[in-house]
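A.B. asks: Generate coordinates for the sequence data below:
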Amino acid sequence: MAMRLEEDRFLLGVCYYPEQWNETMWDDDFRRMREMNFSVVRMAEFAWSIFEPEEGSFRFGLFDRAMDAAHRHGLKVILGTPTATPPAWLTAKYPEVLNVTFEGVVLQHGLRRHYNYSSPKYRELCSRITREMALHYKDHPAVIGWQIDNEFNCEISEFYSEADHLAFRSWLQEKYGSLDRLNEAWGAVFWNQTYSGWEQVHLTRPTPSPRQPNPHQLLDEKRFISDNAISFAKVQADILRELAPKQFVTTNGLFGHLDSHRMTDELLDFFSYDSYPQFSTITEREQEESPLLDRSWSLNLSAVRSISPNFCVMEQQSGPGGWVNRMDMPSPKPGQMRLWTYQSIAHGADMLLYFRWRTAVFGNEIYWHGINDYHNRPNRRVREAAQVGEELSRVGKRFLGSRFQAEIAIVRDYENEWDGEYDVWHGPFGWESGTAWFKALTRRHLPSDVLYLRETTRLDDLRRYRMLVYPHPAIMRRETAELLEQYVAEGGVVIFGCRTGYKDERGHCYMEPFPGKAAKLCGISVEEFTMVKGTRAPTFLTWNGDPGSRIPALRFNDVLAVESDTAEVMAVYASDYYAGKPAVTRNRFGAGEAWYYGAVFHEQAAARIIELLGLRSPANGWMKLPESVELAIRGSAEANGNDSDGRPGAPATAFLLNYEEKPAKLTFLRPTEELLSGQVLQGEVELEGFGVLLLRSPEDGE
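C.D. replies: I've put the predicted structure just below:
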């Protein structure tokens, strides 16, 4: 669905919880928001017991007064349906609504998201509270839209209540129709797992080897969890569409085991994201050289943009982050909150709300700091947010509805992500290679998208890009391979890594030479393969014609054999028993080419392929930028071959974002107007630490 937002101004705002503050504070809070050029607040997503303190008894007085006060001060309101935190009276009376862990432990009232999507009673009660709220607020002049629930599949994305087992069984009956087909899909003949009655079929359960279920069953389980969450959201979306058709419908968060693309296509006007850049923390899987830290959030935002080219950031980090017992992030340094705001906008946000107006004085999030501190006096974060508000009041309208411009896409798909959570022979590689490619691209100022391949993906979706990087798609449907063949035949470039193409959609291995369904496109076969770990020493490869180009061939090695006279060996292994064997190939296919890299990508390998392909940044001939500065460009839909939903003729705006604390040296090769200051930049320019520049593109005809 297309985004439905005002187009006369950028909507900047904040999350606000009137139920947590004395009513005497509301007017002053709203007044100060308007002075900071805020125009929208989100509220009510955790307030079920305020609206329905007893079953069937509804009270709206507190939020009536809060929304009336917001309206008096010129603020718009996004209302959350409060179904992420069912009240104590509900879970006590109807314990069947509670979620259950894989081990069978019932999750009790006391945190949030402690319910399951399958309970008929919970769906009934969620429908009722949504209907009552929609009837009451559908004509309120402040309300512009609704957020369904809050962060689907956050905290936990697995569900094992009795209702879930029953719902999974029904889902399988609809999908397969017979036990014979189910047994075939799950390879149930292996280890005598064959089912002879539907009552024997469940979600995965504990086995003699903990958490080692049938892999094909587990893949279907994740598909079910996603479909079930979407059907739960649909209950609320349908009510809001019926009763409040003039108000938009969205939901927030990007979490596991949920096809957010399908949910958005079927239910939402646009998708919303909660952006908390992990600027101070290096996670276990990020122990790589020169991590991107908060800059890596641009890759997350690219994934969000694949769902909604224009989206809302419903929660933007504004201060130190952490619950009482986890995620203890230090305070953003001066300029970082503003930097992250423009990072979100550069990648497609057309509305943004900070989390939160004032830090909570009680509860688990007393250290998840908002713009205001507990004392409620002016502080640095308030001043920084006010600066952003003033800037966006002047320039925000310029890029509303425009689209992020990219000719390169990093390709993902849900099936490989879900299958790879369990399958260690390809799963860990996807994140590693995708990150390596993003780092190589962004440091060379080559903007990139994330593209999710789905059953609904069409050739026109691929034609938008000059190059697709699809690192390790172990699962490749025949239809996907044929689509990629069409794309390459027309002139596109596709880059594969090891472990490509050898599984079908059930997770079964094809009985054909690797890379399976990608073999025709790549013009090669995999002679043999091996993990690189333990006593198997790290291996290396060398690029043809460059004996000094020895680089690591990490994690897994596919030893390649050329099968087509259109395929060319670009690099060979330089060590181990397969030294001299092909490691990297390029196959001319129609007007395009398909590359196969026989290992897991790292930044150096991605950079070499970028060099060989001759890819050039949009900054080329316009400006010279250091690696620390990200380049992002938003412009008209047509400029990137996007569909017509984007605002045609939107002027192009280039965002320069400096993620380092020290100033960055830039060189402008032609006069360029900077939109926030109104200055014309030429020659050498210093961009302050954590600084932001918004540039009028030279191609902009304004």
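
A.B. asks: Which other helices and strands does the longest strand belonging to the chain contact?
C.D. replies: What stands out as the longest strand in the chain, according to DSSP state E, is strand 664-673. Packed against strand 664-673, as judged by 3 or more C-beta pairs under 8 Å, 6 or more residues apart in numbering; DSSP states H and E, are the following elements: strand 623-624, strand 680-687, strand 692-696. Every C-beta, even on glycine, is put in place using the N, C-alpha and C of the backbone.

A.B. asks: Next, format those as JSON lines and append mean pLDDT and distance to residue 454.
C.D. replies: Listed next are these as JSON lines, based on pLDDT from 0 to 100; distance: least, C-beta to C-beta, whole Å:
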{"stretch": "strand 623-624", "mean pLDDT": "98", "distance to residue 454": "37"}
{"stretch": "strand 680-687", "mean pLDDT": "98", "distance to residue 454": "39"}
{"stretch": "strand 692-696", "mean pLDDT": "97", "distance to residue 454": "34"}
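
A.B. asks: which stretch among the ones you listed comes nearest residue 14?
C.D. replies: The closest of the helices and strands packed on strand 664-673 to residue 14 is strand 692-696. By C-beta to C-beta, the value is 20.0 Å.

A.B. asks: Convert the closest one to PDB, retaining C-alpha atoms only.
C.D. replies: C-alpha atoms of strand 692-696 as PDB (Å, rounded to 0.1, in the frame of the first residue of the first chain):
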ATOM      1  CA  VAL A 692      25.500  16.500   8.500                       C
ATOM      2  CA  LEU A 693      25.300  18.300   5.100                       C
ATOM      3  CA  LEU A 694      22.300  18.300   2.800                       C
ATOM      4  CA  LEU A 695      23.200  19.200  -0.700                       C
ATOM      5  CA  ARG A 696      21.300  20.300  -3.800                       C
END
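
A.B. asks: For it, which outside residues touch it?
C.D. replies: 338-339, 342, 395, 651-658, 672-676, 681, 687, 702 (C-beta atoms under 8 Å, 6 or more residues apart in numbering).

A.B. asks: Same question for stretch 483-494.
C.D. replies: Contact with stretch 483-494 is made by 453, 457-459, 462-463, 465-470, 518, 520-521, 589-595, 613, as judged by C-beta under 8 Å, 6+ apart.

A.B. asks: Now with 7 Å, please.
C.D. replies: Residues outside stretch 483-494 that contact it (C-beta atoms under 7 Å, 6 or more residues apart in numbering): 457, 459, 462, 465-468, 470, 520-521, 589-594, 613.

A.B. asks: In helices, which of the contacts of strand 692-696 appear?
C.D. replies: Among these, the residues falling in helices (DSSP state H) are 338-339, 342, 395.

A.B. asks: For the stretch 451-600 of the chain, which segments are assigned as helices?
C.D. replies: According to DSSP state H, counting those that start in this stretch, the stretch 451-600 of the chain carries its helices in the segments 459-463, 478-489, 519-522.

A.B. asks: swap that for the stretch 251-400 of the chain, please
C.D. replies: 260-267, 297-307, 336-346, 380-395.

A.B. asks: Just the buried residues of the first one, please?
C.D. replies: Just to be clear, that refers to helix 260-267. Neighbour-count burial for helix 260-267 flags 260-264, 267 (criterion: 16 or more other C-beta atoms under 10 Å).

A.B. asks: So which other helices or strands are in contact with that helix?
C.D. replies: For helix 260-267, the contact count by 3 or more C-beta pairs under 7 Å, 6 or more residues apart in numbering; DSSP states H and E identifies helix 215-243, helix 297-307 as packing neighbours.

A.B. asks: and residue 68, which of those is closest to it?
C.D. replies: helix 215-243 (20.4 Å).

A.B. asks: Would you mind listing the residues in contact with residue 466?
C.D. replies: The contact partners of residue 466, taken as C-beta under 7 Å, 6+ apart, are 407-408, 493.

A.B. asks: same thing but 10 Å
C.D. replies: Taking C-beta atoms under 10 Å, 6 or more residues apart in numbering as the criterion, residue 466 is in contact with 406-409, 491-493, 592, 613, 615.

A.B. asks: If any of those are buried, give me the ChimeraX selection for them.
C.D. replies: Selecting only the buried entries of the contacts of residue 466 in ChimeraX, with 16+ other C-beta under 10 Å as the criterion:
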select :406,407,408,409,492,493,592,613,615
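
A.B. asks: out of the contacts of residue 466, what pair is the most spread apart?
C.D. replies: Greatest spatial distance among the contacts of residue 466 (C-beta to C-beta): 406 and 592, at 17.9 Å.

A.B. asks: Strands of the stretch 501-650 of the chain, start to end?
C.D. replies: Taking DSSP state E, counting those that start in this stretch as the test, the strands found in the stretch 501-650 of the chain are 524-531, 539-543, 546-553, 556-562, 567-573, 582-589, 592-597, 623-624, 629-635.

A.B. asks: Kindly apply the preceding question to the stretch 51-200 of the chain instead.
C.D. replies: Applying DSSP E, counting those that start in this stretch to the stretch 51-200 of the chain gives strands spanning 76-80, 143-147.

A.B. asks: Mean neighbour count, distance to residue 98 and mean pLDDT added to these, as JSON lines?
C.D. replies: Putting the strands of the stretch 51-200 of the chain into JSON lines (neighbours: other C-beta atoms under 10 Å; distance: least, C-beta to C-beta, whole Å; pLDDT from 0 to 100) gives the following:
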{"stretch": "strand 76-80", "mean neighbour count": "24", "distance to residue 98": "21", "mean pLDDT": "98"}
{"stretch": "strand 143-147", "mean neighbour count": "24", "distance to residue 98": "23", "mean pLDDT": "98"}
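
A.B. asks: export the ones you listed to a markdown table and tack on distance to residue 500?
C.D. replies: Putting the strands of the stretch 51-200 of the chain into a markdown table (distance: least, C-beta to C-beta, whole Å) gives the following:
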| stretch | distance to residue 500 |
| --- | --- |
| strand 76-80 | 42 |
| strand 143-147 | 39 |
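
A.B. asks: which of the ones in helices among the contacts of strand 692-696 sit farthest apart?
C.D. replies: Top of the distance list for the ones in helices among the contacts of strand 692-696 (C-beta to C-beta): 339 and 395, 16.2 Å.

A.B. asks: Neighbour count for the two, which is higher?
C.D. replies: Taking neighbours as other C-beta atoms under 10 Å, residue 339 and residue 395 compare with residue 339 leading, 23 against 13.

A.B. asks: For the stretch 601-702 of the chain, give me the ranges with low pLDDT.
C.D. replies: Within the stretch 601-702 of the chain, the ranges that satisfy pLDDT under 70 run 637-650, 699-702.

A.B. asks: swap in the chain?
C.D. replies: Counting by pLDDT under 70, the ranges of the chain that qualify are 1-7, 279-289, 637-650, 699-702.

A.B. asks: Break it into its domains for me.
C.D. replies: Annotated domains of the chain cover 11-400, 408-613, 623-696 [automatic domain parsing].

A.B. asks: What are the contacting residues of stretch 381-390?
C.D. replies: By C-beta under 10 Å, 6+ apart, stretch 381-390 touches 10, 12-14, 32-39, 316, 318-320, 331-332, 334-339, 341-342, 345, 352, 354, 357, 369-373, 376, 378, 396, 676, 692.

A.B. asks: Could you pick out the buried ones from these?
C.D. replies: Applying 16+ other C-beta under 10 Å to the contacts of stretch 381-390, the neighbour count classes 10, 12-14, 32-33, 36-39, 316, 318-320, 332, 335-339, 341-342, 345, 352, 354, 357, 369-373, 376, 396, 676, 692 as buried.

A.B. asks: buried sites along the longest strand of the chain?
C.D. replies: 664, 666, 668, 672-673.

A.B. asks: Within the sheet, what are the partner strands of that strand, with directions?
C.D. replies: Here strand 664-673 is paired, per DSSP bridges, with strand 623-624 (antiparallel), strand 680-687 (antiparallel).

A.B. asks: Put together TSV for those, with distance to residue 572 and mean neighbour count on each row.
C.D. replies: Formatted as TSV, the strands paired with strand 664-673 follow (distance: least, C-beta to C-beta, whole Å; neighbours: other C-beta atoms under 10 Å):
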stretch	distance to residue 572	mean neighbour count
strand 623-624	35	20
strand 680-687	43	14
